[in-house]
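Trainee: any chance you can model this:
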Amino acid sequence: MRRLFEVGELLGDRDVRVVVTCGTGGVGKTSVSAALAVAAAESGRKVVLVTVDPAKRLATALGLEGLGGEPQPVPGITGGSLDALMLDMTATFDDAVRSHAPKNRVDEVLRNPFYKALSTSFSGTQDYMATEKLGQLYEQAQATGRWDLIVVDTPPSRSALDFLDAPARLDRLAEGPVLQLLAPSSGPLKLISAGLSQVTWVISKVIGSKALSDLQVFASAFETVMGGFRRRAAVVRTLLSSPAAAFVIVASPRKAALDEARFFVGQLRDRGTTARGVVVNRVSPAVPLAPEAEESLLLEPEAYAWWRASWVTWRAQRARMVKALPTSLPVTLAQTLEREVTDLDVVRELGSLLVDGAGLAEEDEGPVVDV
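Mentor: The predicted structure is shown next:
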């Protein structure tokens, strides 16, 4: 028997401190993330919503003029509180330097041209900074009590895997040849930091004395910064693999989206964790009909065609969902809304649909309708 994904139960579980939404593009993942955050806040929780996926419509839907890199209060929330922000990679990198670099070297590092180049072109920067930002928010929540739930809206699912793998990749990067070269306590730059004039004279002739000075400043501070990144990433890795984190997969009734959801379930399993449940969004509603109304409906061809189409669509969607989604995985359905998710009232409506829950029962065939 397929279980219903009890979204209200998840949001009310005070032991859950992080909800991570994952899904392919075009399924309404950001809207679902916002709806989960609003529903949790209005149930009394103190929530912060962070989107890694730069979805500009989210700000409008939450009644904000724009989303920046710092948490902004969402107006109109009753019961609890909701802040929202969008990942700003450069600002997050700068904050990390302020947190991890020696206090007397922070300004030098931030102005350093090597740092500026690294912070804007470092391979995987978005994933590392998303990890760093989640770590910052979680530590702030633990220290101040400002939030008791973090909702993370990840990029489309294949990219979300990069986000989940970022802590481990950061460890491999730190131990790799590039950063071993840059680390002043090991590798060639140890010679520079040791002040060997002959070596620095040769290198200054190659790259210039100003560039050499910049490199010395950057190298001497970056090892400490990298150590801070790794410590925070380790906290995030432990958090995401613990019962305090819940992964919610968002899909739609389209075959491609359902296939992607099944793929992501397997990827989470390979990483030693499981999805808490699946939200199938934008499901076409099947219109129920009382038996006594059926005869009169048959006398109105247009009305009958409309009613019949609703059931044909529903049965096709249900068949795809039953086939694609593992029976062990709890599922809830959210029907297509009559309006676009462009304001807080519609976000709240979607949240209510998710909390109220609509199951996917294999035996729920509905009326017999020829396809």
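
Trainee: CA atoms only for whichever strand or helix holds residue 127, dumped as CSV, please.
Mentor: Taking DSSP states H and E as the criterion, residue 127 maps to helix 125-144. C-alpha atoms of helix 125-144 as CSV (Å, rounded to 0.1, in the frame of the first residue of the first chain):
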residue,chain,number,x,y,z
THR,A,125,32.2,28.0,-6.6
GLN,A,126,28.4,27.9,-6.4
ASP,A,127,28.3,24.5,-4.8
TYR,A,128,31.0,25.3,-2.3
MET,A,129,29.4,28.6,-1.4
ALA,A,130,26.0,27.0,-1.1
THR,A,131,27.5,24.6,1.4
GLU,A,132,29.3,27.5,3.2
LYS,A,133,26.0,29.5,3.3
LEU,A,134,24.0,26.6,4.7
GLY,A,135,26.8,26.2,7.3
GLN,A,136,26.7,29.9,8.2
LEU,A,137,22.9,29.9,8.6
TYR,A,138,22.9,26.7,10.6
GLU,A,139,25.6,28.0,13.0
GLN,A,140,23.7,31.3,13.3
ALA,A,141,20.5,29.5,14.1
GLN,A,142,22.2,27.4,16.7
ALA,A,143,23.9,30.3,18.3
THR,A,144,21.0,32.9,18.3
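
Trainee: which elements pack onto it?
Mentor: Packing partners of helix 125-144 (3 or more CB pairs under 8 Å, 6 or more residues apart in numbering; DSSP states H and E): strand 46-51, helix 89-100, strand 149-153, helix 157-174, helix 209-240. (C-beta placed from N, C-alpha, C; glycine too.)

Trainee: could you tell me the least trusted of those?
Mentor: Ranked by mean pLDDT, the helices and strands packed on helix 125-144 bottom out at helix 157-174, which scores a mean of 65.

Trainee: assess the claim that residue 64 and residue 77 are in contact.
Mentor: No: using CB atoms under 8 Å, residue 64 makes no contact with residue 77, being 12.0 Å away.

Trainee: with neighbour numbers in mind, choose between those two.
Mentor: Applying other CB atoms under 10 Å to residue 64 and residue 77 shows that residue 77 carries more neighbours, namely 19 against 16.

Trainee: who does the helix or strand hosting residue 108 touch, helix- and strand-wise?
Mentor: Using DSSP H and E, residue 108 sits in helix 106-111. The contact analysis (3+ CB pairs under 8 Å, 6+ apart) places helix 106-111 against helix 89-100, helix 209-240.

Trainee: helix or strand next in line after the last one, which one?
Mentor: When you say that, I think you mean helix 209-240. Sequence-wise, the next helix or strand downstream of helix 209-240 (DSSP H and E) is strand 245-251.

Trainee: quick one: work out the angle between that following strand and helix 125-144.
Mentor: Angle of strand 245-251 versus helix 125-144, following axes from the mean of the first three to the mean of the last three CA atoms, to 10 degrees, is 130 degrees.

Trainee: can you list contacts of strand 245-251?
Mentor: By CB atoms under 8 Å, 6 or more residues apart in numbering, the residues outside strand 245-251 that reach it are 10, 16-24, 27-29, 32-33, 36, 157, 239, 257-258, 260-261, 264-265, 268, 273-281.

Trainee: sweet, I'm off.
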